[in-house]
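Asks: Kindly return the folded structure for what I paste below:
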Amino acid sequence: MSATVSPARLLAFDTLRKVGRGGYASDLLAAAGPLDPRDAALGSEIVLGVLRGQAQLDFLIQHYSGRAVAKLDFEVLLALRMGVYQLRYLDRVPPHAAVGQSVELVKSMGFRSATGFANAVLRKVGREAVAWPDRAVELSLPDWLLERWDREFGAATATLIARADLRPPETYIRIPPNREIPPGITVEPTEIPGCYRLAAGEAGGFRIQDIGSQAVVPLLDLAPGLTFLDLCAAPGNKTAQALEFGVRAVACDFHAKRVEMLRPLGVRVVHLDGTRPLPFGRRFDRILLDAPCSGTGTLARNPEIKWRLQAADIHELHRRQVVLLRNALDVLAPGGVLVYSTCSLEREENDGVIETLGLSPRGIMRRIPGLQPGDGFFAAVIRSM
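Replies: Predicted coordinates for the structure are as follows:
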């Protein structure tokens, strides 16, 4: 690519192109080569902003160009999305830079014939109010998902969820009881012991873990010496949180690369497929099944999910989650506690899994973006007889 395109925009464009091929933005940004922190921050902001507001941006491109976005080459469309996002939503980017850099991206990708078109479109972009064609575009959400949330939560709450998903999420960190808060960072305590909102500074050696995620482990009622199984443990945040209570832990995951992420925890690590009978010769006092799910509670930090997910995916996830929970219950000790959790908002993945197995939870936790801080989470507390 041309050297005249800034490192931040090269990072953003390359990441968005890889997301379009199936990658995940957070993983791609974390794996990117070293950059000046300011370039890395701007690149990340453009990537996530474009993905969060994709439906709005595509409408605006069509509005200003008079051309359907489906007829544009993918690379040209990406450059236009990046340009429109910067022009409308980033105060610190001068308009001439947003236009010039986006046009240069189009040229450097080999679409010289489209540079005049891109320049003309972007020079029309302003910050005037726009009459969005419908709620789904205004909230930048697929029609089918908005309709589903309207049915499940009501239109008012569905709107709150979708608007929360358009905002960058706040950062929360885990500070175990035996750790002091170092100088140089500003944190604010939350209602969850050990969970702090990072107001200023860098997380340093502390784990970044959303407040919704940190709300799950306390439901297990952990105590020193209890045996604890974390069945879908990677990247290990919840296992690490559980270890603060002095439990004897076993951490598992299905993917070999994710299993390696668990080894620094210093506990027994098992590579297994939880949809098959579990290979343990004993039962566990406490089990956490933080099941693989659609992730619709995390769209603020993983916005590409909403453009990939299909209704059929949710039904398949439900089937897998039922099997995982059934197998987990088979190794729960008498009088033990199992917490089934997801970061999904979809009923089939939450209450629907519990109902399919005929379970009667002792308690249910629900966290809804826009109503509670952080990601959306569901957790059911199940106690064996």
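
Asks: V322 contacts L357, doesn't it?
Replies: Yes - under the criterion of CB atoms under 8 Å, V322 makes contact with L357 at 6.4 Å. In short, each C-beta sits where N, CA and C put it, glycine included.

Asks: Identify the single longest strand in this structure, thanks.
Replies: strand 332-342 (DSSP state E).

Asks: what's the following helix or strand after it?
Replies: Per DSSP states H and E, strand 332-342 leads on to helix 351-356 as the next helix or strand towards the C-terminus.

Asks: I'd like the average pLDDT over the next helix or strand after that following helix.
Replies: Next along the chain after helix 351-356, taking DSSP H and E as the criterion, comes strand 363-367. On average, the pLDDT along strand 363-367 is 98.

Asks: Can you tell me the SS state at the residue nearest to A32 when sequence neighbours are not counted?
Replies: Among residues not flanking A32 along the chain, L11 sits closest, at 5.8 Å (CB to CB, 6 or more residues apart in numbering). Of the three states, L11 takes helix according to DSSP: H, G, I helix; E, B strand; the rest coil.

Asks: For burial, what's the neighbour tally of L11?
Replies: For L11, the count of nearby residues is 22 (other CB atoms under 10 Å).

Asks: ok, it - contacts?
Replies: L29, A32, L35, D39, A40, G43, S44, V47 (CB atoms under 8 Å, 6 or more residues apart in numbering).

Asks: Count the neighbours of the closest residue to the third one other than its chain neighbours for me.
Replies: With CB to CB, 6+ apart as the criterion, L35 has its nearest non-adjacent residue at 5.6 Å, and that residue is P7. Counted with other CB under 10 Å, the burial measure for P7 works out to 17 neighbours.

Asks: who's in contact with P7?
Replies: L35, D36, D39, G43.

Asks: Also G352?
Replies: Counted by CB under 8 Å, 6+ apart, G352 has contacts H318.

Asks: Was I right to think P334 contacts S384?
Replies: Yes - contact status for P334 versus S384: in contact at 5.8 Å, counting by CB under 8 Å.

Asks: rewinding a little: tabulate the contacts of P7 (a markdown table), appending distance to V99 and neighbour count.
Replies: A markdown table is the format used below for the contacts of P7 (distance: CB to CB, whole Å; neighbours: other CB atoms under 10 Å):
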| residue | distance to V99 | neighbour count |
| --- | --- | --- |
| L35 | 23 | 16 |
| D36 | 23 | 10 |
| D39 | 19 | 17 |
| G43 | 18 | 24 |
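
Asks: In helices only, show me these.
Replies: Among the contacts of P7, the subset assigned to helices under DSSP state H consists of D39, G43.

Asks: Check the contacts of P7 and tell me the two furthest apart.
Replies: Maximum pairwise distance among these (CB to CB): 10.1 Å, between D36 and G43.

Asks: Now name the helix or strand holding V187.
Replies: In the assignment (DSSP H and E), V187 maps to strand 186-189.

Asks: all helices for the stretch 251-385 of the chain, in order.
Replies: 256-262, 305-308, 311-330, 351-356 (DSSP state H, counting those that start in this stretch).

Asks: could I get the ones you listed as a markdown table with mean pLDDT?
Replies: What follows is these, written out as a markdown table (pLDDT from 0 to 100):
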| stretch | mean pLDDT |
| --- | --- |
| helix 256-262 | 93 |
| helix 305-308 | 97 |
| helix 311-330 | 98 |
| helix 351-356 | 98 |
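
Asks: between those, which one is nearest to D91?
Replies: Once the helices of the stretch 251-385 of the chain are compared by CB to CB, helix 305-308 is nearest, at 25.7 Å.

Asks: Report the buried residues of that closest one.
Replies: Under the neighbour-count criterion of 16 or more other CB atoms under 10 Å, helix 305-308 has I305, K306, W307 buried.

Asks: Just give me the neighbour total for the closest residue to G20 other than its chain neighbours.
Replies: The shortest distance from G20 to any non-neighbouring residue, by CB to CB, 6+ apart, is to F74 (6.4 Å). By the measure other CB under 10 Å, the count of residues near F74 is 13.

Asks: repeat for I364
Replies: 13.

Asks: Need the nearest residue in space to it, chain neighbours excluded.
Replies: A380 is the one closest to I364 (CB to CB, 6+ apart), at 5.5 Å.
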